[in-house]
Structures are given as C-alpha cells and as structure tokens.
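# My questions are about this predicted structure, shown below with the sequence.
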Amino acid sequence: MNRTCQRAIAPLILTATLAGAGYAAPISFVFTWNAVNGGTLGGSAFGVSDLRFTGIADTDDINVVSASFETLDLEDAVLEIVGFATVEILDAQQVFFNEVGDVIGLRQVGGGNVVSATEPDLAGYGLNTAVGPLPDSYSFSGWDDISTSSGSLTMPGGVSPGTFEAIAGAVTLPSISAPIPLPAGGMLMGGALVGCMALFRRRGNPT
C-alpha cells in the first residue's frame, strides 16, 4: 500500500477503533460503591465487598422521558465484586439523570433504581459527555435475583461512599471470572462455628 493510501485510511481506522464495534457514539459509565451487607452469586455467599460497575451505551439512544429526566440503556454491563468474581449483568440496566435534584443513578429497565446519588456538579448534564469521577454517598437499593453470567445475584441494599464517572468512548470491559470459592479450611471453620452455635443454643434453651 502506498503512503498516500495509508494517510487516507488511517483516520478511518482510528475512528473505528475508538468507536468500538456496534456503537455509533459510545460512552462508558463507571459506578463504584460497597456491598455493605454482602450477598449471594450463583448460590455462593460473599461478604462486605467493594463493587465496580462498568456499562457501555450509545449516546444516539438517549431517551428523553421529560424535560428534566433522561435515561440511556446500557448495551454491555459488567460488575466486579472485588476479590470474589467479575460477572456480566444479563438483565437490562440503564443510567439515568434527573435534573430535579441533580440525581445520577443506575436502574433496571422497567424496574426501580439500583444505585443513585445527588451530584450538584452535574447540573445540566445530558448523559452524553465525559465527567468525573465524582465522589459522593450512594444509596444502593439492592439487587434481587438478577441474571448474570455466573447465575443469580442477590444483594441487600445500603448506603456507602461511591463514585460516578462517564468516559468518552467504549472502554475495555473487565474480564469475566467465576466466583472464588471459600478455601477448604475456611469451610471447615465455618461449619465448626455453626455447630458450636447450635450446641450453645441447645444448652442455653433446655427442653
């Protein structure tokens, strides 16, 4: 290929790479917060964990619900339960912004809010530009039996510190990884503790 042709197609290759496959105008959203009450994934329990949710959307698909409320469906979404597993979220999720109160958040499509925070720095935000990360206190309503690449995920809600960030373009999503099982020694210890608690209850409650 001659140098003239190379110069002509280079911008096209770069544009395609930045846009990512399947996205006309991609943007990535990252939420971090904490599973303050643990949860279960595919039948395996996990304790208090840091969470990092990454989703990619197409800004051409912004849905203007009202003059003050917009949503954007995520086409890909991955949740990292730090130290335990990284899963693809299979149930549809969307990012929303409510200009009344400057509330940014994540919610299930057709359902209620999952995580949200009031961010005054986002006044006038339109879900289509890079911003953050913005730290705040995040309210987590919990997930109840949602589908993931590693089975059903359930997490009770709570309030914890968190961040929100919007990144121009399609980021590389974290690699999926199965839940890390509790070490055998930990399982034995857990069983012993359960046994001791049962024995204590029997002794403390004679019949």
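Happy to help now that I have it. Numbering: from 1, shown residues only.

# count of residues packed around residue 43?
Other residues lying near residue 43 total 9 when counted by other C-beta atoms under 10 Å. For the C-beta atoms, the positions are set from N, CA and C on the backbone; glycine is no exception.

# which parts of the host helix or strand of residue 80 are buried?
Using DSSP states H and E, the element containing residue 80 is strand 69-81. Within strand 69-81, the residues that count as buried by 16 or more other C-beta atoms under 10 Å are 70-81.

# ok, so of the residues you listed, who is nearest residue 54?
Lowest distance from residue 54 to the buried residues of strand 69-81 (C-beta to C-beta) belongs to residue 78, with 5.2 Å.

# Run through the residues that contact the closest one.
Counting by C-beta atoms under 8 Å, 6 or more residues apart in numbering, residue 78 makes contact with 53-55, 86-89, 173-174, 176.

# Which parts of the protein are strands?
Listed in chain order, the strands of the chain (DSSP state E) span 26-35, 39-41, 44-46, 49-58, 63-66, 69-81, 85-88, 93-98, 103-108, 113-118, 131-140, 143-148, 151-155, 158-168.

# do you know how far residue 101 is from residue 85?
34 Å (C-beta to C-beta, to the nearest Å).

# which residues of this protein score low on pLDDT?
Applying pLDDT under 70 to the chain flags residues 1-23, 182-207.
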